[in-house]
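Novice: need a 3D model of the sequence below.
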Amino acid sequence: MTVSYSRVRTYPRISGLRGHILLLGVALAMAGCSGLNRQDASEWADLPNEPGTLSVMSFNVLKGGRPADDTLDAIADASPDLVCLQEITGEFAGRFEERFAAAYPHRFFVPGPTIQGIGIASRFPMTDARLLELDVPHQPAVAATMRPDARPVHVACVHFVTPFARHGPKASLTNRYKRHKVMRMGQARALLQHVDSMDMPAIVLGDINEWDGQAALAILDEAGFRNACHAQASRCGATWPGRVVPAPAVIRIDHILGRGVEFQQAVVLNSGGSDHYPVAARFAVMGIEP
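Specialist: Just a heads-up that it's a prediction; the model follows:
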């Protein structure tokens with residue numbers, strides 16, 4: 001199934017403050033040199049796949065890619081079976097379709113003018129593709145069931161609220177941080193309601209705007225979702241800020257989570273033209289014989 005970016009709902013531009021600068025200061029003290037722990041996308045793609053293994057990738061492309069070619073090259077080099085993209089614009093969706101129409105024939109894109117755009121693209125057929133507003137209409141998610149030859153897997157591609165963005169009434173940075181923490185917790189709970197209703201193995205991936213142990217991630221962990229970067233063979237450094245920012249990456253706020261699947265390895269990739277580095281993972285659906 002392909003949904004043209006010109007035929008789906010878009011969202012109005014909203015005022016925003018990226019706000020990660022404060023997080024950067026905190027994370028510098030916490031993260032040390034973790035930002036160095038990344039792998040080239042082509043090296044990741046060249047690793048042998050175990051039988052029955054699927055691969056996914058999450059990438060916040062920074063308002064349509066800066067430039068888009070670097071982002072598209074990163075996707076081509078990593079060659080995942082499914083990619084979750086955040087901050088896609090109509091222009092980026094068109095560029096993606098021009099380059100990857102054959103490689104990713106199954107797409108569901110909801111582009112936006114800046115940070116609101118989101119979409120998934122898959123090598124395998126997808127069903128039940130839908131928009132999920134998750135109690136925050138201006139920061140939507142998308143979901144679909146990916147149907148490879150083995151058991152189907154439900155995939156939710158998300159972009160949770162940034163800690164300091166200007167959503168809602170005017171407030172101080174501290175109050176915004178507290179308010180948006182509650183909003184992300186609400187997004188996590190609304191997401192779980194949807195995923196639970198599908199009653200199948202599930203992958204949740206995207207820019208969650210939290211590092212390990214924070215509130216929304218803790219809600220998902222309590223519901224049985226495990227982080228791919230916690231798998232023994234994983235190599236996950238920091239994902240923010242990315243290559244277009246003249247500063248070291250110090251925190252990992254982009255995640256791939258799974259329930260009913262077994263992660264084999266995850267990596268943060270040293271590629272792309274964005275303020276985030278992409279994260280990729282390989283997994284097998286539990287209960288399926290290779």
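Novice: helix, strand or coil: sort out residue 183 for me.
Specialist: In three-state terms, and counting by DSSP: H, G, I helix; E, B strand; the rest coil, residue 183 is helix.
Novice: can you give me the pLDDT of the closest residue to it other than its chain neighbours?
Specialist: In this structure, residue 183 finds its nearest non-sequential neighbour in residue 161, 4.7 Å apart by CB to CB, 6 or more residues apart in numbering. All C-beta atoms are positioned from the backbone trio N, CA, C, and that covers glycine. With respect to pLDDT, residue 161 has a value of 92.
Novice: over to residue 266?
Specialist: In this model, residue 266 is scored at 96, pLDDT.
Novice: show me what contacts it?
Specialist: By CB atoms under 8 Å, 6 or more residues apart in numbering, residue 266 lies in contact with 228, 229, 231, 234, 235, 236, 256, 279, 280, 281, 282.
Novice: select only the buried ones of those residues in PyMOL?
Specialist: In PyMOL, a selection of the buried entries from these looks like this (16 or more other CB atoms under 10 Å):
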select buried, resi 228+229+231+234+236+256+279+280+281+282
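Novice: pLDDT check: weakest of the contacts of residue 266?
Specialist: residue 235 (89).
Novice: doesn't residue 43 make contact with it?
Specialist: No - using CB atoms under 8 Å as the test, residue 235 is too far from residue 43 to be in contact (10.4 Å).
Novice: where are the low-confidence patches of the stretch 101-250 of the chain?
Specialist: Along the stretch 101-250 of the chain, the model assigns pLDDT under 70 to residues 137, 150, 164-169, 171.
Novice: helices along that one, start to end?
Specialist: For the stretch 101-250 of the chain, applying DSSP state H, counting those that start in this stretch gives helices covering 173-198, 215-222.
Novice: export the ones you listed to TSV and tack on distance to residue 269?
Specialist: Shown next, in TSV, are these (distance: least, CB to CB, whole Å):
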stretch	distance to residue 269
helix 173-198	25
helix 215-222	21
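Novice: could you export these as CSV, including distance to residue 58 and mean neighbour count?
Specialist: Shown next, in CSV, are the helices of the stretch 101-250 of the chain (distance: least, CB to CB, whole Å; neighbours: other CB atoms under 10 Å):
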stretch, distance to residue 58, mean neighbour count
helix 173-198, 15, 17
helix 215-222, 14, 17
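Novice: which residue sits closest to the residue most central in space within the chain in space, ignoring its chain neighbours?
Specialist: The centroid of the chain falls nearest to residue 206 when counting by CA atoms, centre = their mean (1.7 Å). In space, and not counting its chain neighbours, residue 206 is closest to residue 158: 3.8 Å by CB to CB, 6+ apart.
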